[in-house]
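Enquirer: Pasting the sequence and the predicted coordinates here, then a few questions.
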Amino acid sequence: MTTPPPAPHPTGAHTPTPTRTTRAHSFNTAAAQYAANRPSYPPALFDAIEDLADHPLPGSRVADIGAGTGIATALLHARGANVLAVEPGDGMAAQFRSTLPDIPIVRGTGDDLPLAHASVDFLTYAQAWHWTDPARAVPEALRVLRPGGALALWWNTDALDVPWIAESATRTARHFGIDISAEKRNVNARAADPTGHLDFTRRTVRWSRRIPIDTHLANLGSHSVFLVHGEHHTASFLAEEREHLLRAFPDGHVDEVYDVILLLARTPA
């Protein structure tokens with residue numbers, strides 16, 4: 001889930017709202033968990049990127065920003081792109097280097113890219129654009145993209161039309177005081193670029209993966225809303241959630257269903 005900042009706990013007890021910076025940095029303490037359990041992305045997503053950009057990924061110069069542990073970076077590299085990863089976090093960068101030692105990674109953020117002017121064909125953000133300040137990140141994207149280049153932003157979002165996923169989201173919202181459905185509402189061109197300088201095209205790609213319940217729970221636990229609420233609060237929720245899921249799926253496996261929402265904007269050629 002790419003969830004909005006949590007609201008106060010519904011019990012009425014005061015729970016300070018974590019800042020965006022706190023939430024962004026929370027991943028560094030869970031980098032190995034993130035790498036092992038987070039979902040990947042389907043080949044159809046990269047087909048859509050090439051289609052909307054009208055440019056092939058193989059041989060292209062790509063900067064993957066907020067690369068994290070390298071889930072998207074590895075797929076872009078496998079697609080034949082010449083990829084440079086950019087990641088601000090110590091823990092995430094260390095995990096990246098341990099699993100992808102042959103792919104270069106530099107430290108930086110989308111608000112201040114450590115890249116030369118007009119130096120890349122694609123600038124990609126997988127699950128990462130919402131950690132930027134668009135007022136700074138949009139001009140930076142336009143600065144580093146070559147003429148005719150493409151800015152591609154995408155998010156794995158929960159398919160809330162699947163009943164068990166909707167029920168789980170309701171329990172999460174109740175426990176943490178957040179609005180899970182806001183995830184998809186907030187993934188749009190206006191939120192991505194409030195200035196309107198970029199002309200985004202949107203595509204949605206549905207896909208799924210079948211995994212053990214414990215992998216699903218570890219995936220949930222690697223999201224910032226869980227990481228910043230404290231170990232006891234998160235552990236109690238995940239224990240209860242495990243019982244719910246085992247009753248619904250006695251074989252111990254679930255089919256996680258995702259809608260990858262892709263926003264892509266091209267620069268003038």
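Expert: Good, I have the coordinates.
Enquirer: So Leu123, which state does it fall into?
Expert: What DSSP: H, G, I helix; E, B strand; the rest coil gives for Leu123 is strand.
Enquirer: Chain neighbours aside, what residue packs nearest to it?
Expert: Leu151 (4.9 Å; CB to CB, 6 or more residues apart in numbering). C-beta: built from backbone N, CA, C; applies to glycine.
Enquirer: what's across from that neighbour in the sheet?
Expert: Leu123, Ala265 (DSSP bridges).
Enquirer: Tell me who's in contact with it.
Expert: Residues near Leu151 by CB atoms under 8 Å, 6 or more residues apart in numbering: Phe122, Leu123, Tyr125, Ala141, Leu145, Leu198, Leu264, Ala265, Arg266, Thr267.
Enquirer: All the helices of this structure, residue numbers only.
Expert: 20-25, 31-37, 43-53, 71-78, 90-99, 134-144, 163-176, 182-185, 189-192, 213-221, 224-227, 231-248 (DSSP state H).
Enquirer: would JSON lines of the ones you listed with distance to Arg61, mean pLDDT and mean neighbour count be doable?
Expert: JSON lines is the format used below for the helices of the chain (distance: least, CB to CB, whole Å; pLDDT from 0 to 100; neighbours: other CB atoms under 10 Å):
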{"stretch": "helix 20-25", "distance to Arg61": "26", "mean pLDDT": "47", "mean neighbour count": "16"}
{"stretch": "helix 31-37", "distance to Arg61": "25", "mean pLDDT": "81", "mean neighbour count": "18"}
{"stretch": "helix 43-53", "distance to Arg61": "13", "mean pLDDT": "98", "mean neighbour count": "18"}
{"stretch": "helix 71-78", "distance to Arg61": "11", "mean pLDDT": "98", "mean neighbour count": "22"}
{"stretch": "helix 90-99", "distance to Arg61": "19", "mean pLDDT": "93", "mean neighbour count": "19"}
{"stretch": "helix 134-144", "distance to Arg61": "10", "mean pLDDT": "96", "mean neighbour count": "18"}
{"stretch": "helix 163-176", "distance to Arg61": "37", "mean pLDDT": "91", "mean neighbour count": "17"}
{"stretch": "helix 182-185", "distance to Arg61": "31", "mean pLDDT": "69", "mean neighbour count": "16"}
{"stretch": "helix 189-192", "distance to Arg61": "22", "mean pLDDT": "91", "mean neighbour count": "15"}
{"stretch": "helix 213-221", "distance to Arg61": "31", "mean pLDDT": "92", "mean neighbour count": "18"}
{"stretch": "helix 224-227", "distance to Arg61": "30", "mean pLDDT": "71", "mean neighbour count": "23"}
{"stretch": "helix 231-248", "distance to Arg61": "40", "mean pLDDT": "90", "mean neighbour count": "14"}
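Enquirer: Turn those into TSV, including distance to Tyr258.
Expert: Output for the helices of the chain, formatted as TSV (distance: least, CB to CB, whole Å):
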stretch	distance to Tyr258
helix 20-25	21
helix 31-37	14
helix 43-53	10
helix 71-78	13
helix 90-99	21
helix 134-144	24
helix 163-176	9
helix 182-185	11
helix 189-192	19
helix 213-221	11
helix 224-227	17
helix 231-248	17
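Enquirer: Nearest to Val254 among these would be which one?
Expert: helix 213-221 (5.3 Å; CB to CB).
Enquirer: Send me the closest one as PDB with only the CA atoms.
Expert: Extracted as PDB, the C-alpha positions of helix 213-221 are listed here (Å, rounded to 0.1, in the frame of the first residue of the first chain):
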ATOM      1  CA  ILE A 213       0.200 -15.700   4.100                       C
ATOM      2  CA  ASP A 214       3.400 -15.000   6.100                       C
ATOM      3  CA  THR A 215       5.000 -13.400   3.000                       C
ATOM      4  CA  HIS A 216       1.900 -11.300   2.500                       C
ATOM      5  CA  LEU A 217       2.100 -10.100   6.200                       C
ATOM      6  CA  ALA A 218       5.800  -9.400   5.900                       C
ATOM      7  CA  ASN A 219       5.000  -7.300   2.800                       C
ATOM      8  CA  LEU A 220       2.400  -5.400   4.700                       C
ATOM      9  CA  GLY A 221       4.800  -4.900   7.600                       C
END
